[in-house]
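# Fold the stuff below for me.
(chains A and B)
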Amino acid sequence: MATGYFGPGVGGSAYEQNYAKSPAAAFEANVRAQTAQQVSNLGLNPTMTYDPRQPVGMRNIPTMPGSTPLADPAYINSATQNYVTSGKTLALSNLSKGLPPRTVGTATSGGSSGGARRGGGGGGAAAAPMLSQAQLDWMAQLLKAAQPGAEVANTLDLPDYKGYSYAPFDASMYDTLLNQFNSAVGMDRSTATQAYQNLTNWLNQNQTNAFTNGNTTYATADPTQQQAMARMLQAQGVNAGANPGYNAAVQGQAAGDAAFSNLWRVLAANEDTANRNRLGNVQQAGQDTQNALNVAALSGQTGIGLQRSQAQAAYNQAVQQMMREDWQQQQQVLQQEALANWQRANQVQDTNTTALNSYRNNELQSLLGLLPSLAGNPAGLPSMQDLGLA
Amino acid sequence: MALDGYGVNTAGYDQQANDLNYRYNTDRSTNAYGRFLSQQRGSRSLADLTTQLGRGLPGFKAGFGQRGLGGAGVRSGVMGRAMGNYLGDYARDYGRAAQDMTQEAQNYDLQQAQLDAYLNSSLSSLQQQKQQDIANAALAIEALRPYLGGL
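Numbering: from 1, shown residues only, chains lettered A, B, ... in the order given. All right, here's what the predicted structure looks like:
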């Protein structure tokens, strides 16, 4: 969009676009168009139309019969009434409407003037003083100096958010509990082991076999008796070796002793077996107890581990929740900061725009008020840049 | 941890061991006395047999002399046979009596050995029970530790 007189973004019309290229040419073309329209509206035969290129002076201003010159302040005021008194932003279309061309010629209607002239005319007013070039330049400098300064929006910069440092999960309690449990398990294990060791030692030291010859002996036939009997028989002329009675006694005694001896050995062997079985049972029972202790220890350790895992999971979940809430709060703060800065920027921009528009409106009003002084003035008009309008 | 920490009272086991020893001692004493009496009876029997032989043998031999079957320089088969039978019977009876006495003694010895074996077995079982109770108490305590809270 062409940059128009009224700032960037303004200038959608063809007149404003042309004005951007050449303000003077655009203004002249618009005035000529408006003049022709006014002549047509009045039904007049234009014999002379207002030529904006000609210096505007008292002597060159074609006037209508009974009308006042173009330099009449009343005429100027009435012509610019649209944009001076409305208080609106100055628009080129309003400007052109405010300055209808003056036409010269015999009114066919013969009626009184009125036409495009607005407002009432009065008697002949005093001519405006003519300003010198230096005065114009000085006034231009004044007007430019009166340009309002732009406000600067101070951005809101809140202190940088510092995240909270969450303490790590404290597993020392579970470590302590596990250590205590393992210590207790070791103590229990040693107690059980020591118990079975004591039993083994006792059995090895105190177990006896009542049927071994080392512990006791059993009665046996006295061999001297048989020898004495044999001598007695021999003394009586009886052959002991051939005597049936004697032989029966001897054999009977031998058989009895043999039978008892066998019984004794069987019982001794049985006792040995019993002793060995006791020792074997002790070893087996000890191993079984150790296995049971291992299972109990594993169960306890697993329970502690599960409790620790559950506690840690709950802790992590809570920390994640708090971190999320912290992040959300942080985002809210940032959003508030950005919103405040945006609002402030817009406010400052609006203020600056309003101040600039007001300044330019006032400046234009002042410039238009100088038009009577510029009529027939050979001094050069200040540029837009000198006036601070570009 | 001390045994009392596991709730094990070993005094009961010691009392039981004392009771076993007491019973053993009484039984052993009784058995020994019975053995003595048995040996005494056996000795008496043997002595009686010997006395009987001492009293009867001269008369038995004299009988053969009256019949001219004995005496100095007489060798009689009848007498020899009779003497063999007589003394053989005596030897048999005496041997049996001696064997009975020996076997009674052996029986008492067997009973004594069985008392010894019973005491050995009882004390071993008592000691085994004691130590197993200690081990089981430790095992039970360990199984309950996670639930008791205080380790």
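# Show me the shaky parts of the stretch 1-150 of chain A.
By pLDDT under 70, the weakly predicted segments of the stretch 1-150 of chain A are A:1-13, A:15-16, A:18-128.
# of all of it, which residue lies closest to chain B?
Chain B sits closest to A:Ala150 of the stretch 1-150 of chain A, with a gap of 75.6 Å, by Cβ to the nearest Cβ. C-beta here means a position set from N, CA and C on the backbone, and glycine is covered the same way.
# The closest residue to chain A within chain B: which element?
Residue of chain B nearest chain A, by Cβ to the nearest Cβ: B:Gly95 (2.2 Å). Here B:Gly95 is covered by helix B:77-148, with elements defined by DSSP states H and E.
# Show the secondary-structure elements that that helix is packed against.
With contacts taken as 3 or more Cβ pairs under 8 Å, 6 or more residues apart in numbering or on different chains; DSSP states H and E, helix B:77-148 sits against helix A:172-206, helix A:223-235, helix A:244-374, helix B:11-66.
# Looking at those, which one is packed in the most?
With neighbours defined as mean count of other Cβ atoms under 10 Å in any protein chain shown, these peak in mean count at helix A:172-206, which reaches a mean of 16.
# and the residue of chain B closest to chain A, what is it in contact with?
A:226, A:229, A:245-246, A:248-250, A:252-253 (Cβ atoms under 8 Å, 6 or more residues apart in numbering or on different chains).
# can you narrow those to ones near chain B?
A:226, A:229, A:245-246, A:248-250, A:252-253 (Cβ under 8 Å from any Cβ of the partner chain).
# Can you lay out these as JSON lines showing distance to A:Leu374?
Shown next, in JSON lines, are these (distance: Cβ to Cβ, whole Å):
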{"residue": "A:Gln226", "distance to A:Leu374": "181"}
{"residue": "A:Met229", "distance to A:Leu374": "186"}
{"residue": "A:Gly245", "distance to A:Leu374": "189"}
{"residue": "A:Tyr246", "distance to A:Leu374": "187"}
{"residue": "A:Ala248", "distance to A:Leu374": "184"}
{"residue": "A:Ala249", "distance to A:Leu374": "183"}
{"residue": "A:Val250", "distance to A:Leu374": "181"}
{"residue": "A:Gly252", "distance to A:Leu374": "178"}
{"residue": "A:Gln253", "distance to A:Leu374": "177"}
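# and of those, the nearest to B:Asn85?
Comparing the ones next to chain B among the contacts of B:Gly95 against B:Asn85 with Cβ to Cβ places A:Gly245 closest, at 7.6 Å.
# wait, the closest one sits on B:Tyr90?
Yes. With contacts counted by Cβ atoms under 8 Å, A:Gly245 reaches B:Tyr90, the gap being 7.2 Å.
# low-scoring stretches of chain B, by residue?
In chain B (pLDDT under 70), the answer is B:1-7, B:69-71, B:74, B:148-151.
# Over to A:Leu389: give its phi and psi.
In terms of degrees, to the nearest 10, the main-chain angles of A:Leu389 are phi -100, psi 0.
# same thing with A:Ala219?
The phi/psi pair for A:Ala219 (degrees, to the nearest 10) is phi -70, psi 140.
# which non-adjacent residue is nearest it?
B:Ala105 (3.3 Å; Cβ to Cβ, 6 or more residues apart in numbering or on different chains).
# Now do the contacts for the one you found.
By Cβ under 8 Å, 6+ apart, B:Ala105 lies in contact with A:218-219, B:35, B:38-39, B:42.
# From the residues you listed, pick the one nearest A:Val266.
Using Cβ to Cβ, A:Tyr218 comes nearest to A:Val266 of the contacts of B:Ala105, at 13.3 Å.
# Tally up the residues packed near A:Ala146, please.
The number of residues packed around A:Ala146, counting by other Cβ atoms under 10 Å in any protein chain shown, is 12.
# what's the closest non-adjacent residue to it?
A:Tyr359 (6.6 Å).
# Next, find the distance separating that neighbour from A:Gln365.
11 Å (Cβ to Cβ, to the nearest Å).
# Could you export the contacts of B:Ala105 as JSON lines, including distance to A:Ala313?
Formatted as JSON lines, the contacts of B:Ala105 follow (distance: Cβ to Cβ, whole Å):
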{"residue": "A:Tyr218", "distance to A:Ala313": "77"}
{"residue": "A:Ala219", "distance to A:Ala313": "82"}
{"residue": "B:Arg35", "distance to A:Ala313": "80"}
{"residue": "B:Ser38", "distance to A:Ala313": "84"}
{"residue": "B:Gln39", "distance to A:Ala313": "86"}
{"residue": "B:Gly42", "distance to A:Ala313": "90"}
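# In the stretch 201-350 of chain A, which residue sits closest to chain B?
A:Ala249 (2.2 Å).
# Make sure that residue is actually in contact with B:Arg96.
Yes. Between A:Ala249 and B:Arg96 a contact is recorded at 6.3 Å, counting by Cβ under 8 Å.
# measure A:Asn341 to A:Gly186 for me?
Distance from A:Asn341 to A:Gly186, by Cβ to Cβ: 67 Å.
# hang on, I meant B:Gln106
For B:Gln106, the distance to A:Gly186 - Cβ to Cβ - is 55 Å.
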